[in-house]
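A.B. asks: what shape does this take:
(one chain, ligands or ions: 2)
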Amino acid sequence: MSFVEIRGASKAYAGQLAIDKVDFDVDLGEVHSLVGENGAGKSTLCKALAGAVVLSGGTITIDGKLMKFETPKDALDAGVVMVYQETSLVPTMTVAQNIQLGKEKALNRLRGLYIWGQQLLSSLNFHVDPTALVSSLGAAQKQMVEIARAVFHEAKVIIFDEPTATLTPEEKQHFFDLVANLKARGTAIIFISHALEEALETSDRITVLRDGKNVITAPAKEFTRAKLVQSMVGRAVTAVERKPRKPVGEKRKVLVVENLSQGTMVKNMSFSVYAGEVTGMSGLVGSGRTETAKVIAGATKRNLMHGGMVYLDGRAVRYRVPRQAVDDGIVYVTEDRKLNGFYETMSVGENIYLSWLASKDGRGLFVSKGQQRKIADKWKDRLSIRSVSKDPRINELSGGNQQKVVIAKSLVQKPKVVIFDEPTRGVDVGSIQEIHEFIRSLAEEDIAVIVISSYLPEVLAISDRILVTRAGRVVEEFTLENATEEKIMYAAVH
Ligand SMILES: Nc1ncnc2c1ncn2[C@@H]1O[C@H](COP(=O)(O)OP(=O)(O)OP(=O)(O)O)[C@@H](O)[C@H]1O
Ligand SMILES: [Mg+2]
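C.D. replies: Ligands and ions are numbered 1, 2, ... in the order given. Below you'll find the model as predicted:
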């Protein structure tokens, strides 16, 4: 008998099953991975174990005892902690306060709390200031705080929902060391990831969910990447076939960035972007790619002195707010879903429609409900946005499907330049192909596309040209023909 046993777990939303009679178990000292397409039910199953979702059917047994979790606190008391896909920390509290939340230590003085917090964080090799406000942290650091929190609560079962999506390669290494450490201490670990290599490498067992059902549970060594993908999508997935490129000579420069400087992150950044091309931007996290994109899109201001120039179709532009950039046809699709201005409690259709209204096409027009649905359906279809209910609200979508809505929202505005920042983060293998094809199709419509990605196979799969950034500047440019993963990595770190 395993430490955690879930039997026949079902959860219905509005009569539709998000998970359907799932059996799943995990033992102490075991890493059990959960993989599956966006919307397959991974988060739902884990939320049930963590007390955040109440099952419509089935049972959860821990250490032989039948559990009835109604709140996350109940699960916490039973030793189950979930590190969420969308962070659950309290932004207005400090790191140390967040860590001990729900189980306040007898440390009544803040100073004591911070010394203790510092010790815990350093013992985990996390470079996070315990006195910092959580709202001031980056995604990776928030992740670390969540992990520290789980360790502090002496969790017997820790669930990681896509923990590595926002981490740098170095941070990932720390994370996997930590997982090995927890495993050695006898913690039961559930690991959700779209990075199949990670699941194959770290797990003892892997379970594949498809359409809310357990398709297979088997030891990790019995899987290959191909077999995993096959079980996830029910068919083999093949790579995008690249169409031959347009002959050079007819390239049109759309966007020119000259000596751009912003804060301490961007220093004399210069490059050009062409219509009908995908320009990949590769580089380490912190090399200034996101900040550059934000300046171009009017979300951040460049330095007042010696800030450099941005030209759109030969005209110098400087935007104070994103709205102005959008009006000029520049769209930035960010890596941070929460920043993308969803109306969380409105439906997907309404969200896409509102963006369309804000576009030049839609401005000032009255559109019937029927037409509204048509616009939304077209985009839901084009990006295969999937959900159990017919017209779901954003907060009813799985993480990966929310990412697709972000993309749809930006593209209804018929842009000239689209900047994607980590477009496939948290997106399953099948959908990654779809999004890649989609990005290529934008270039074919003569849009100038920039793709910022830390995932080299992605950059190589979709770019016509690859820029490598380091310490705030473009340090190297490759054509697709002469780019290799090794050359790009070398340029990024030397
Ligand atoms: N609160 C909710 N209300 C209605 N439907 C929901 C709700 N939460 C999840 N769903 C639906 O349940 C299904 C499973 O979602 P879940 O979040 O478990 O998927 P997932 O496997 O974690 O996907 P991803 O990899 O994209 O994170 C999806 O179809 C989703 O739309
Ligand atoms: Mg999920």
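A.B. asks: quick check, the helix or strand of the chain with the lowest mean pLDDT touching ligand 1?
C.D. replies: The helix or strand of the chain with the poorest confidence is helix 348-358; it has a mean of 73 (mean pLDDT, DSSP states H and E). No: counting by C-beta under 6 Å from any ligand atom, ligand 1 has no neighbours in helix 348-358; the shortest distance is 9.8 Å. Heads up, the C-betas are built off the backbone N, CA and C, glycines and all.
A.B. asks: next secondary structure after that helix?
C.D. replies: Sequence order places helix 369-382 as the next helix or strand after helix 348-358, per DSSP states H and E.
A.B. asks: against which helices or strands is that next one packed?
C.D. replies: helix 348-358, helix 399-411 (3 or more C-beta pairs under 8 Å, 6 or more residues apart in numbering; DSSP states H and E).
A.B. asks: the helix or strand following the last one packs against which elements?
C.D. replies: This points to helix 399-411. Next along the chain after helix 399-411, taking DSSP H and E as the criterion, comes strand 417-421. Using 3+ C-beta pairs under 8 Å, 6+ apart, the elements in contact with strand 417-421 are helix 289-296, strand 330-333, helix 399-411, strand 448-452.
A.B. asks: worst average pLDDT in the ones you listed?
C.D. replies: Set side by side, those differ in mean pLDDT, and helix 399-411 is lowest with a mean of 79.
A.B. asks: and the pLDDT at the closest residue to residue 480 other than its chain neighbours?
C.D. replies: Of all residues not flanking residue 480 in the chain, residue 464 sits nearest, at 5.8 Å (C-beta to C-beta, 6 or more residues apart in numbering). On the pLDDT scale, residue 464 is placed at 94.
A.B. asks: give me the phi and psi for residue 464.
C.D. replies: Main-chain torsions, residue 464, degrees, to the nearest 10: phi -90, psi -30.
A.B. asks: winner for burial among the helices and strands packed on helix 369-382?
C.D. replies: Most buried of the helices and strands packed on helix 369-382 by mean neighbour count (mean count of other C-beta atoms under 10 Å) is helix 399-411; its value is a mean of 24.
A.B. asks: that helix: how far from the chain's middle?
C.D. replies: Centre-to-centre, helix 399-411 and its host chain are 11 Å apart (C-alpha atoms, centre = their mean, to the nearest Å).
A.B. asks: angle of it against helix 348-358?
C.D. replies: If you take axes from the mean of the first three to the mean of the last three C-alpha atoms, to 10 degrees, helix 399-411 sits at 20 degrees to helix 348-358.
A.B. asks: and helix 399-411, does that touch ligand 2?
C.D. replies: Yes: contact of helix 399-411 with ligand 2 (C-beta under 5 Å from the ion) involves residue 399.
A.B. asks: before we move on, the earlier item: could you pull up the residues touching the residue nearest to residue 480?
C.D. replies: By C-beta atoms under 8 Å, 6 or more residues apart in numbering, the residues touching residue 464 are 245, 277, 278, 279, 443, 479, 480.
A.B. asks: between the helices and strands packed on strand 417-421, which one is closest to ligand 1.
C.D. replies: Ranking these by proximity to ligand 1 (C-beta to the nearest ligand atom) places helix 399-411 first, at 3.0 Å.
A.B. asks: between the contacts of residue 464, which is nearest residue 206?
C.D. replies: Ranked by distance to residue 206 (C-beta to C-beta), the contacts of residue 464 are led by residue 278 at 33.2 Å.
A.B. asks: now distance to residue 9 too, for the helices and strands packed on strand 417-421, in CSV please.
C.D. replies: Converted to CSV, these look like this (distance: least, C-beta to C-beta, whole Å):
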stretch, distance to residue 9
helix 289-296, 39
strand 330-333, 35
helix 399-411, 20
strand 448-452, 38
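A.B. asks: got CSV for these, with distance to ligand 1 too?
C.D. replies: Formatted as CSV, those follow (distance: least, C-beta to the nearest ligand atom, whole Å):
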stretch, distance to ligand 1
helix 289-296, 23
strand 330-333, 17
helix 399-411, 3
strand 448-452, 21
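A.B. asks: in the stretch 1-150 of the chain, which residue sits nearest ligand 2?
C.D. replies: Residue nearest to ligand 2 within the stretch 1-150 of the chain (C-beta to the ion): residue 43, separated by 3.2 Å.
A.B. asks: likewise for the stretch 151-300 of the chain?
C.D. replies: For the stretch 151-300 of the chain, C-beta to the ion, closest residue to ligand 2: residue 161, 5.9 Å.
A.B. asks: touching, that residue and residue 84? I think so.
C.D. replies: Yes: with contacts counted by C-beta atoms under 8 Å, residue 161 reaches residue 84, the gap being 5.6 Å.
A.B. asks: now the helices and strands packed on helix 369-382 in JSON lines, with distance to residue 489?
C.D. replies: Shown next, in JSON lines, are these (distance: least, C-beta to C-beta, whole Å):
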{"stretch": "helix 348-358", "distance to residue 489": "37"}
{"stretch": "helix 399-411", "distance to residue 489": "26"}
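A.B. asks: who wins for proximity to residue 150 among these?
C.D. replies: Of these, nearest to residue 150 by C-beta to C-beta is helix 399-411, at 19.4 Å.
A.B. asks: now residue 269: phi and psi?
C.D. replies: Dihedral pair for residue 269: phi -80, psi 130, per degrees, to the nearest 10.
A.B. asks: so which strand or helix has the nearest residue to it once chain neighbours are set aside?
C.D. replies: Of all residues not flanking residue 269 in the chain, residue 260 sits nearest, at 4.3 Å (C-beta to C-beta, 6+ apart). Element membership for residue 260, per DSSP H and E: strand 253-262.
A.B. asks: give the buried residues for that strand.
C.D. replies: Within strand 253-262, the residues that qualify as buried are 254, 255, 256, 257, 260, 261, 262, counting by 16 or more other C-beta atoms under 10 Å.
A.B. asks: now the angle between helix 289-296 and that strand, please.
C.D. replies: 110 degrees.
A.B. asks: mind giving me the packing neighbours of strand 253-262?
C.D. replies: strand 266-274, helix 289-296, strand 309-312.
A.B. asks: repeat that for 10 Å
C.D. replies: strand 266-274, helix 289-296, strand 309-312, strand 417-421, strand 448-452, strand 473-479 (3 or more C-beta pairs under 10 Å, 6 or more residues apart in numbering; DSSP states H and E).
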